[in-house]
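Novice: Kindly return the folded structure for what I paste below:
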Amino acid sequence: MASRLRPHGKGRIATDRTAFLNRCATHDVSDPAVSVTIPVYNRPDRVGDAIESVRDQTLDDWELILVNDGSTDGSGDVIDEYATTDARIHAHHHDENRGISAARNTGLDAATGEYVCPLDSDDRFRPKKLDRQLSYVRSLPDDYCGCYTAGVSYDADGDRIETIRTGASGDLWPEVLRRHDFRPHSSHMVRRSCLDAIGGYDADLARGVDWDIAIRLARRFRVGFIDEILIERHFADDNVSGNPTAGNPTYQVTIREHLREKYADVLAAYPHVGRQFDARLARHRGLAALEAENRWRACRQFARAMRLEPTLEHALLVPLSVGGLSVYRRVSAWRREQTCLGDGS
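Specialist: Numbering: from 1, shown residues only. The predicted structure is shown next:
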């Protein structure tokens with residue numbers, strides 16, 4: 001199934017230029033309700049679709065902050081062209097690649113809206129996303145940092161592979177440490193004041209920054225959830241998180257090891273959460289071992305996961321490891337397919 005969003009192109013930019021400038025002339029762009037931030041690194045063929053999904057919103061009260069994180073291709077030219085087309089779009093450039101956290105913080109520093117919505121350069125907003133969230137988030141008590149929504153993932157061919165609907169809301173602490181339910185990150189709408197209160201994104205983290213920001217927000221605030229698919233994730237062959245049906249095990253291990261070190265004291269304070277975190281770290285270490293074709297190490301890691309968190313899923317990993325990573329991925333793909341078949345969104 002292909003994405004419903006049309007591809008970007010200079011033809012549309014030229015066609016829409018006068019219409020958008022006329023709209024902006026009567027709209028107060030200096031004080032938007034929502035700031036959307038998009039970090040960009042070498043995505044000239046995809047970032048236009050992300051930008052168009054913001055411009056297609058039913059809500060007009062937004063600004064878009066584009067941060068070119070030292071791209072070495074034409075990404076900077078693409079975002080500069082959009083910035084000259086729409087007064088609500090602003091382009092910022094890093095002279096060199098500083099990493100995702102630095103790019104997100106540059107966007108956050110430039111944002112002037114009361115609420116901030118991060119958007120990855122290869123993700124898309126559905127048209128009612130900002131409108132629905134803004135109405136909902138304004139109804140939440142002051143101890144809520146904001147909200148997130150359900151989402152859907154597509155593979156490189158445009159076929160739907162997964163519905164992302166965790167449903168978690170309210171007080172997510174400390175469960176957010178063992179399971180990243182406050183996702184997808186591109187579905188967030190968070191009060192700017194709350195992001196300032198936690199110091200923005202951790203510049204020392206090169207990966208897993210979306211989970212880390214969710215942990216730190218949930219530690220201080222409650223979270224709302226809208227049970228509606230308002231974000232689309234689009235996987236490409238070069239996604240750092242890897243295969244969309246099974247992920248990149250080594251990438252997951254790296255993230256979890258960094259978080260294990262950063263939050264060691266918290267995990268020690270909540271032993272049950274710590275055990276579950278370690279069980280899932282062992283599971284991903286096992287999958288990484290399968291990827292390296294080390295089935296003996298994989299079996300040991302899966303057995304450790306089972307000891308720490310006795311679940312049917314962990315119990316099944318040991319016999320699955322005999323077939324290698326390809327078998328695991330086929331089973332994972334089948335499970336995700338069943339989820340999609342049961343969801344008509």
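Novice: which intervals of the stretch 1-150 of the chain have sub-threshold pLDDT?
Specialist: For the stretch 1-150 of the chain, the stretches flagged by pLDDT under 70 are 1-30.
Novice: Which stretches in it count as strands?
Specialist: Applying DSSP state E, counting those that start in this stretch to the stretch 1-150 of the chain gives strands spanning 34-40, 62-69, 89-94, 115-118, 123-125, 144-154.
Novice: In terms of secondary structure, what does the first one contact?
Specialist: This means strand 34-40. Helices and strands touching strand 34-40, by 3 or more CB pairs under 8 Å, 6 or more residues apart in numbering; DSSP states H and E, are helix 47-55, strand 62-69, helix 100-110, strand 115-118, helix 129-137. Every C-beta, even on glycine, is put in place using the N, C-alpha and C of the backbone.
Novice: With distance to residue 94 added, can I get these in JSON lines?
Specialist: Listed next are the helices and strands packed on strand 34-40 as JSON lines, based on distance: least, CB to CB, whole Å:
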{"stretch": "helix 47-55", "distance to residue 94": "15"}
{"stretch": "strand 62-69", "distance to residue 94": "5"}
{"stretch": "helix 100-110", "distance to residue 94": "7"}
{"stretch": "strand 115-118", "distance to residue 94": "17"}
{"stretch": "helix 129-137", "distance to residue 94": "26"}
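Novice: closest one to residue 275 among the ones you listed?
Specialist: helix 100-110 (28.9 Å; CB to CB).
Novice: so residue 68 makes contact with residue 75?
Specialist: Yes. Residue 68 lies in contact with residue 75 (CB atoms under 8 Å); the separation is 5.8 Å.
Novice: Can you show me the helices along the chain?
Specialist: 10-25, 47-55, 75-85, 100-110, 129-137, 175-178, 192-197, 209-220, 249-262, 264-269, 271-291, 295-308, 312-320, 325-341 (DSSP state H).
Novice: Adding distance to residue 64, write those helices out as TSV.
Specialist: Putting those into TSV (distance: least, CB to CB, whole Å) gives the following:
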stretch	distance to residue 64
helix 10-25	12
helix 47-55	5
helix 75-85	8
helix 100-110	10
helix 129-137	11
helix 175-178	28
helix 192-197	15
helix 209-220	19
helix 249-262	28
helix 264-269	35
helix 271-291	35
helix 295-308	42
helix 312-320	40
helix 325-341	30
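Novice: how about the helices and strands packed on strand 34-40, which one is nearest residue 81?
Specialist: helix 47-55 (9.2 Å).
Novice: got the angle between that closest one and strand 34-40?
Specialist: For helix 47-55 against strand 34-40, the angle between stretch directions is 180 degrees (axes from the mean of the first three to the mean of the last three CA atoms, to 10 degrees).
Novice: pLDDT score assigned to the spatially closest residue to residue 108 that is not a sequence neighbour?
Specialist: Using CB to CB, 6 or more residues apart in numbering and skipping residues adjacent in sequence, the residue nearest residue 108 is residue 200, 5.2 Å away. According to the prediction, residue 200 has pLDDT 97.
Novice: for residue 200, phi and psi?
Specialist: phi 70, psi -150 (degrees, to the nearest 10).
Novice: could you dump the strands of the stretch 1-150 of the chain to a markdown table with mean neighbour count?
Specialist: Shown next, in a markdown table, are the strands of the stretch 1-150 of the chain (neighbours: other CB atoms under 10 Å):
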| stretch | mean neighbour count |
| --- | --- |
| strand 34-40 | 26 |
| strand 62-69 | 26 |
| strand 89-94 | 20 |
| strand 115-118 | 26 |
| strand 123-125 | 25 |
| strand 144-154 | 23 |
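Novice: now those strands as a markdown table including distance to residue 81?
Specialist: Formatted as a markdown table, those follow (distance: least, CB to CB, whole Å):
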| stretch | distance to residue 81 |
| --- | --- |
| strand 34-40 | 13 |
| strand 62-69 | 11 |
| strand 89-94 | 9 |
| strand 115-118 | 22 |
| strand 123-125 | 19 |
| strand 144-154 | 26 |
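Novice: So for residue 229, which of the ones you listed sits nearest?
Specialist: Comparing the strands of the stretch 1-150 of the chain by CB to CB, strand 144-154 comes nearest, at 4.7 Å.
Novice: Compute the inter-axis angle for that closest one and helix 209-220.
Specialist: Comparing the axes of strand 144-154 and helix 209-220 via the same axes, to 10 degrees yields an angle of 150 degrees.
Novice: Can you tell me how far residue 269 is from residue 122?
Specialist: Shown here: residue 269 relative to residue 122, a distance of 37 Å by CB to CB, to the nearest Å.
Novice: between the two, who's got more neighbours?
Specialist: Just comparing residue 269 and residue 122: by other CB atoms under 10 Å the higher neighbour count belongs to residue 122, 20 against 11.
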